[in-house]
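**Student:** pasting the structure only:
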């Protein structure tokens, strides 16, 4: 049924059924709910932990196109990009508020697929969707707010990098950028599954971030705008510089088939939603043993000088030309 015929409250009823039928009653977040979907606000009991909050929006024809993104993919990614922010802080994700804007001629089944994609990921991480908003708009906009928490004194931040730390990343990079490069050339059916998953269904490294925190890591950021761009945020916040060895940066499998330089995809592409972190080198072997995903050391944190904050070197130790550093909102 079209949303125009179903109406706002009819759609809310269907969404409520999808969300509540997939919820885990035994999860920590579920046990703390006081007022659920259907009232003016949600309500839940708090805790003595540090509270975290983040929000992000995905806008049709800016961040995604339905030519290559399904409604289920959109629901998954809308939640995942927010979970990635909680992971970067070393936190636990608890609750989500979902605001969806779309044209009135969208079919209700499409919206329910959006919520199913989101609730599958939410269930995996013990997150409960507790409310949100629905509005009509010319294009689809998906905005999610995630509420989380962390133990006092155990946050990871951008400001804790120190000279002598190594720089490491989880997983592999460049897959989303390579997928977009292929899509822009109209080769949608030829995209390797690894690249499609990187673009449409990023993980959000929540469980991995908990291990980093337990092992003493206190500096991290999620890679959303591009490795060099996000490392630049760390350098600025911490008052340090960095050296990156381009050949050590792990590149997503399948990137070689895309029209472009694989290393550049990994350095500047963005939308990887992996974790970049810094720590003492001695911590890396133990972290690598405990994480189920690869961990790769890609460089070193150095003292701030008058030179550029980030130096990228090739395999011969010569400067590696990178051009732009990553995505910038509002740039031409």
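**Tutor:** Thanks, I have the structure now. Bear in mind that the values here come from a model prediction, so they are computed numbers and not experimental data. Numbering: from 1, shown residues only.

**Student:** Helix, strand or coil: sort out the spatially most central residue of the chain for me.
**Tutor:** The chain has residue 81 as the residue nearest its centroid, 3.1 Å off, counting by Cα atoms, centre = their mean. Assigned with DSSP: H, G, I helix; E, B strand; the rest coil, residue 81 falls in the helix class.

**Student:** Just the mean pLDDT for the helix or strand where residue 99 lies, thanks.
**Tutor:** Per DSSP states H and E, residue 99 falls inside strand 92-102. In this model, strand 92-102 carries a mean pLDDT of 97.

**Student:** and what of stretch 164-180?
**Tutor:** 96.

**Student:** ends of stretch 163-179, how far apart?
**Tutor:** 35 Å (Cα to Cα, to the nearest Å).

**Student:** How far does it sit from its chain's centre?
**Tutor:** On the basis of Cα atoms, centre = their mean, to the nearest Å, stretch 163-179 sits 13 Å off its chain's mean C-alpha point.

**Student:** The chain should start at 621 in everything you say after this.
**Tutor:** New numbering, starting at 621: the last item is stretch 783-799.

**Student:** next helix or strand past the strand holding residue 719?
**Tutor:** Immediately after strand 712-722, counting by DSSP H and E, sits helix 728-744.

**Student:** buried ones in that next one?
**Tutor:** For helix 728-744, a neighbour-count test (16 or more other Cβ atoms under 10 Å) marks 728, 730-739, 741-742 as buried. C-beta coordinates here come from the backbone N, C-alpha and C atoms, glycine included.

**Student:** angle of that helix against strand 712-722?
**Tutor:** Using axes from the mean of the first three to the mean of the last three Cα atoms, to 10 degrees, the direction of helix 728-744 lies 170 degrees away from that of strand 712-722.

**Student:** Next, the buried residues of the helix or strand that helix 728-744 is followed by.
**Tutor:** The helix or strand immediately downstream of helix 728-744 is strand 748-756, counting by DSSP H and E. For strand 748-756, the neighbour count (16+ other Cβ under 10 Å) marks 748, 749, 750, 751, 752, 754 as buried.

**Student:** Not counting its neighbours along the chain, what's nearest the residue nearest to the centre of the chain?
**Tutor:** Nearest residue to residue 701 in three dimensions, chain neighbours excluded: residue 676, at 5.0 Å (Cβ to Cβ, 6 or more residues apart in numbering).

**Student:** need the contact list for residue 733.
**Tutor:** 690, 691, 692, 695 (Cβ atoms under 8 Å, 6 or more residues apart in numbering).

**Student:** count of residues packed around residue 937?
**Tutor:** By the criterion of other Cβ atoms under 10 Å, residue 937 has 8 neighbours.

**Student:** Local confidence estimate at it?
**Tutor:** 91.

**Student:** residues touching residue 763, list them.
**Tutor:** Contacts of residue 763 (Cβ under 8 Å, 6+ apart): 675, 676, 677, 678, 698, 718, 719, 720, 721.
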